[in-house]
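Enquirer: sequence first, predicted coordinates after that:
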Amino acid sequence: MNWTLALPEIVLACCGMAILLIGVLQKRDTFHLCSMLTVGAFLITAELVVSGSPGLGYNGLFTVDTFSTFVKLLVLVAATLGVILSLDYNEHANLRRFEFPVLMLYSTVGMLVMASASNLMSLYLGLELQSLSIYVLAAFARDELRSSEAGLKYFVLGSLASGLLLYGVSLVYGFSGTMEFARLAQALSNPAHVSPGLTVGVVFVIAGLAFKISAVPFHMWTPDVYEGAPTPVTAFLSTAPKVAAIALLMRVMATPFGHLLVQWQQVIILVSILSMLLGALGAIGQRNIKRLMAYSSIGHMGYALIGLAAGSEAGLRGVLIYMLTYVFMSAGTFACILAMRRRGRMLEQISDLAGLSRTDPGLALAFAIFMFSMAGIPPFTGFFGKYFIFTSAVQSGLWTLAVIGVLTSVVGAFYYIRIIKVIYFDAGGAEFDHCPASLSVVAAAGALFTTFFFVLPAPFIAAADAAAKALLL
Amino acid sequence: MLFAVAVFAPLFGSAIAGLFGKAIGDRAAQAVSILCMLLASACGVTAFVQLVYLGGSPGVVSLGTWVQAGSFHVDWALRYDALSAVMVAMVTTVATLIHIYSLGYMSHDATRWRFFSYLSLFSFAMLMLVTGDNLLQLFFGWEGVGLASYLLIGYWYDRPAACAAAIKAFLVNRIGDLGFALGIALVFFTFGSIDLSTIFAGVPQHQADTYTLFGTSWRAYEVIGTLLFIGAMGKSAQLGLHVWLPDAMEGPTPVSALIHAATMVTAGVFLMARFSPVMEYAPYALAFVTFIGASTALFAATVGCVQNDIKRVIAYSTCSQLGYMFIAAGVGAYQASMFHLLTHAFFKALLFLAAGSVIHAMSDEQDIRRMGGIWKKIPITYGVFWVGSLALAGIYPFAGFYSKDAILEAAYAAHTGIGTYGFWCGLIAAFLTAFYSWRLIILTFHGKPRADAHTMAHVHESPAVMTIPLILLAVGATVTGFTFYEPLTGPNWTQFWGHSIQLAAGNNVLETLHHVPDWVELSPSLVGIAGILLAYLYYVAAPRLPVLVAGHFPPVYRFLLNKWYFDELYDAVLVRPSFALARVLWKVGDATIIDGVPNGLAALTAGGSAQVVKLQTGSIAVYAFAMLIGVVVLSLLVLLLLVVR
């Protein structure tokens, strides 16, 4: 048995325990120290992920391939950005507790397991580890009603989703006799002999995972939780778990259920269309920027699902590129949102951004870059993400999806660009508080990646290509 | 090299005057543009003399590649042959004289640098037109003169009438330009090139080519010829597309002399001569050319008889003379048409500038009913006006006598139905031409003064800077006839023209025109003299007669006075419906549909947004219910699809 396959996860989990020990044993405030250690642990893990060799281990529970490597690195980058984003906010919001980064760390361990899962059981384990940590994080501001409510809501609905997933898993197991991806693929190689019960099981599995990526109609928690949870948690929630969950969905759909494409394709198409429509329509009326980001993320997941619905290598590659661009856009946007503080009070209304171009041109520019990118305007990354997705849909003959995608991104462009209009053309309010270095770093990193991706996209596209190939083998 | 200098010196002058005119002042701008024009005319005339008299060889001055796209290749190149050389010499000479004349005429204007810049720009565009070695460059010059003419007609942009006239000239020309552009496209389609040498070399191979239009096949040459002629009709103000020319008299008088007498309006005639190798094989198109030319000659002459604006009379006379040139081109006597173009450039520029001198003397009065009795006060102007009118009426030995005779004889000698039509129209027009020319002279200069005393007290001869160009043009209007008659239209015309004009094998109209019956040779002079006598009878001997005649035939008089109601017809048939259509497109098409669809969609989206947000109640039970419903619906969808398959 090749246990070193899971070395990154093992090391990260051990680091987590060590950091927890440090936090508990030290009498003084260790939030900052633990956060930094967590970032260090992520870096070590990333190094281990890069140097790890591919293979299948733990009796088929755990696999390492180019796909898992790509996803893990992206998750680690997103988680690192998430930890950095939380530093300043937690100082001010009286949330400076060392458990915060540790919870993020364990959630990340769960995501890494999800990326490598090659059995429905390990899939479920990783998913639950990830989710449970986030339930706690969402309710982390426990003295605040909104945060507690968000945590509870997320937990209750998440449990329901887990239930659906488990029910689906049991159906699949019951009708096929195995939970291992490779064997499932073998057993289902002839779609004609697949019983309807198993297909229903697949739908339940999709439902459970769709909840995690907040795809319609399993999205309803998203606006409430995004708004209620502390903003750094929202930032984290909108990046790393999304990547892990959609990666998991891709692996499950492409590897064990790949032969059933014709059967689940319609489900993904429907979910994708609904997500795009709802994401576009729901965001228009929003005044709270966190709620707006919730709908925006629903829409983005709808676009990403187009690539999955295509089912082709180009489509899967498109999803990975889309998630890559999305992580940087989203983390950058949240860095900007976290910088919206006036005299120590956090602001969340879009109208609070008025006049930002005069009081803080740098932040205004970063905001504008992210909004243009989200709207899919070249040369920003958001355009390339949409470009690869839409081309793959057209290549697979999914014209309807591509057309609806283009139309909803027109609607989306309205509310993204309206924010730019508020920033640049509306009469201004007072200055924001000084933007802390941690946020500036994330915003600048996100903006640079978003703006200059088009200069050298080849290595990223090549990596995504290799990852997508690994799934379809 | 000289040739290129002749073409580009005006551009240089125009750029300096136009770009830096404000900075360097009017005097410097005028000096630069006039010096450039002098240089251009010196080079132009030298190049002409070298080619035609000193045995220079024709060629192409290549300036570089313009367009290179697949098999479509266009160069910037100047074609140097007799046709372009004679045009360059004529254009630069006349334009230089007009530049100098403008010094005096425009001396009270506020933005003279602008005027001189436009004038030089126009000269450059015209030179590009006549030297173009391919159709695209020719078209570049063609559009350039259109633009410059728009700028010059509307030079006094604070006068609504001038702006309207400028727009009208531009729009009417565009109709012709469309024909020309289509013609170029069809040339490329037929010959695979728009290079003149390639086209002319390929003429024998494509004789039988046809072009299918509206379900019927036409010979490609006929279609090309007709399309090019439609372009020529626009530029040369032929019947149907002539309406812009009289209105263009809103521009300053030197503009009328340069553009609407000597150069731009002759571009169409030049085009016919330039394309003679192709036109020769398009007999139906040629017949059409003669028909339109003859009709225009007659039509414009009749209208000219009743106009009261001194410049409009000359404008209609221009229209009419251009008709003559097309008559000649249509019967295959391109040499005669070019000859008339040359002589006409001199005597018509002369007439316009002399009219300008009269207007100048009369304190900007243009109505001949308020003139008279001034011939003693402006003797030079009066004298040159006589010279110009004699040349126009075709009286021996002035220039018009030779060229007009050549045209009418050619029309007769063609011995075709359409040629005969051209001959008779031309002959009647010649009579009318002489009549209205002397009507103009008598009403303008003779009789009792009809202007008020204040104006009459100010009548004075123009300064030397205006009269010297007039005298030089008068010399030109006298000598160009007998000097160029033999070399241009004589039996040895090939010595002069070289290969720039090519005739079909059976075309010997130029030989036969020297052997027409005596009465044909004499008749143009006779009707000219008759016209003069009639004018004398009408306006000197029995001045009550014209009123009587007009009173007896009021419909005829009104018909002529209103220029055959062309403007009213176009207004009713084209302009008003266009406005109505535009209004419908604006109100219904744009405001209602094009604006309405996005606005409606936006409203729909906003409504949808409100509905979507309403679903978000905050209740966990509702959320959970939605998830369960979702799972059920998705499962049903999958099962349904399984059943369907």
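Expert: Happy to help now that I have it.

Enquirer: list the buried ones in stretch A:2-17?
Expert: A:5, A:6, A:7, A:8, A:9, A:11, A:12, A:13, A:15, A:16 (16 or more other CB atoms under 10 Å in any protein chain shown). All C-beta atoms are positioned from the backbone trio N, CA, C, and that covers glycine.

Enquirer: how near is the third one to residue A:51?
Expert: Think residue A:7. Using CB to CB, to the nearest Å, residue A:7 is found at 9 Å from residue A:51.

Enquirer: in the sheet, which strands lie alongside the longest strand seen in chain B, parallel or antiparallel?
Expert: Using DSSP state E, we find that the single longest strand of chain B is strand B:59-69. Sheet pairing for strand B:59-69, assigned by DSSP bridges, gives strand B:72-80 (antiparallel).

Enquirer: quick check: chain neighbours aside, which residue is closest to the residue in chain B positioned nearest to chain A?
Expert: Closest residue of chain B to chain A, CB to the nearest CB: residue B:630 (3.4 Å). Spatial nearest neighbour of residue B:630, chain neighbours left out: residue A:217 (3.4 Å); criterion: CB to CB, 6 or more residues apart in numbering or on different chains.

Enquirer: please apply the same query to residue B:402.
Expert: Ranked by CB to CB, 6+ apart and with sequence neighbours excluded, the top spatial neighbour of residue B:402 is residue B:481, at 3.9 Å.

Enquirer: pLDDT wise, what is the residue of the stretch 351-473 of chain A found nearest chain B at?
Expert: Closest contact between the stretch 351-473 of chain A and chain B, by CB to the nearest CB, is at residue A:411 (5.7 Å). According to the prediction, residue A:411 has pLDDT 89.

Enquirer: and what of residue B:600?
Expert: 87.

Enquirer: mind checking the SS state of it?
Expert: At residue B:600 the chain is in helix, as set by DSSP: H, G, I helix; E, B strand; the rest coil.

Enquirer: surely residue B:211 meets residue B:225?
Expert: No - using CB atoms under 8 Å, residue B:211 is not in contact with residue B:225, being 11.6 Å away.

Enquirer: the two: which has the busier surroundings?
Expert: Using other CB atoms under 10 Å in any protein chain shown as the criterion, residue B:211 and residue B:225 rank with residue B:225 on top: 25 against 16.

Enquirer: spit out the contact partners of the closest residue to that one other than its chain neighbours.
Expert: Excluding the flanking residues, the one nearest residue B:225 by CB to CB, 6+ apart is residue B:285, at 3.0 Å. By CB atoms under 8 Å, 6 or more residues apart in numbering or on different chains, the contact list for residue B:285 reads B:221, B:222, B:224, B:225, B:226, B:229, B:279.

Enquirer: can you tell me the SS state at the fifth one?
Expert: Using three-state DSSP as the criterion, the local structure at residue B:226 reads helix.

Enquirer: what number of residues lie near it?
Expert: Number of residues near residue B:226 (other CB under 10 Å) recorded here: 20.

Enquirer: do the first one as well
Expert: Counted with other CB under 10 Å, the neighbours of residue B:221 add up to 25.

Enquirer: could I get the contacts of residue B:285 as JSON lines with pLDDT?
Expert: Shown next, in JSON lines, are the contacts of residue B:285 (pLDDT from 0 to 100):
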{"residue": "B:221", "pLDDT": "91"}
{"residue": "B:222", "pLDDT": "92"}
{"residue": "B:224", "pLDDT": "93"}
{"residue": "B:225", "pLDDT": "93"}
{"residue": "B:226", "pLDDT": "94"}
{"residue": "B:229", "pLDDT": "94"}
{"residue": "B:279", "pLDDT": "91"}
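
Enquirer: can I get those residues in CSV including distance to residue B:396?
Expert: Shown next, in CSV, are the contacts of residue B:285 (distance: CB to CB, whole Å):
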residue, distance to residue B:396
B:221, 39
B:222, 39
B:224, 40
B:225, 35
B:226, 37
B:229, 33
B:279, 31
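
Enquirer: quick check: closest non-adjacent residue to residue B:448.
Expert: In this structure, residue B:448 finds its nearest non-sequential neighbour in residue B:373, 5.5 Å apart by CB to CB, 6+ apart.

Enquirer: before we move on, what about residue B:228?
Expert: In space, residue B:228 is closest to residue B:183, 4.3 Å off (CB to CB, 6+ apart).

Enquirer: please apply the same query to residue A:245.
Expert: Nearest in space to residue A:245, with sequence neighbours left out and distances taken as CB to CB, 6+ apart, is residue A:212 at 3.6 Å.

Enquirer: next up, the contacts around the one you found.
Expert: The contact partners of residue A:212, taken as CB under 8 Å, 6+ apart, are A:127, A:131, A:161, A:241, A:242, A:245, A:248.

Enquirer: doesn't residue B:208 lie inside a helix?
Expert: No - applying three-state DSSP, one finds residue B:208 to be coil, outside a helix.

Enquirer: which residues does the closest residue to chain B within the stretch 201-350 of chain A contact?
Expert: Nearest residue of the stretch 201-350 of chain A to chain B (CB to the nearest CB) works out as residue A:217 at 3.4 Å. By CB under 8 Å, 6+ apart, residue A:217 lies in contact with A:271, A:274, B:626, B:627, B:629, B:630, B:633.

Enquirer: so it: helix, strand or coil?
Expert: Here residue A:217 is coil, with the state taken from three-state DSSP.

Enquirer: confidence score at it?
Expert: Looking at residue A:217, its pLDDT is 90.

Enquirer: again, but for residue B:29
Expert: Predicted confidence (pLDDT) for residue B:29: 92.

Enquirer: again with residue B:557
Expert: In this model, residue B:557 carries a pLDDT of 83.
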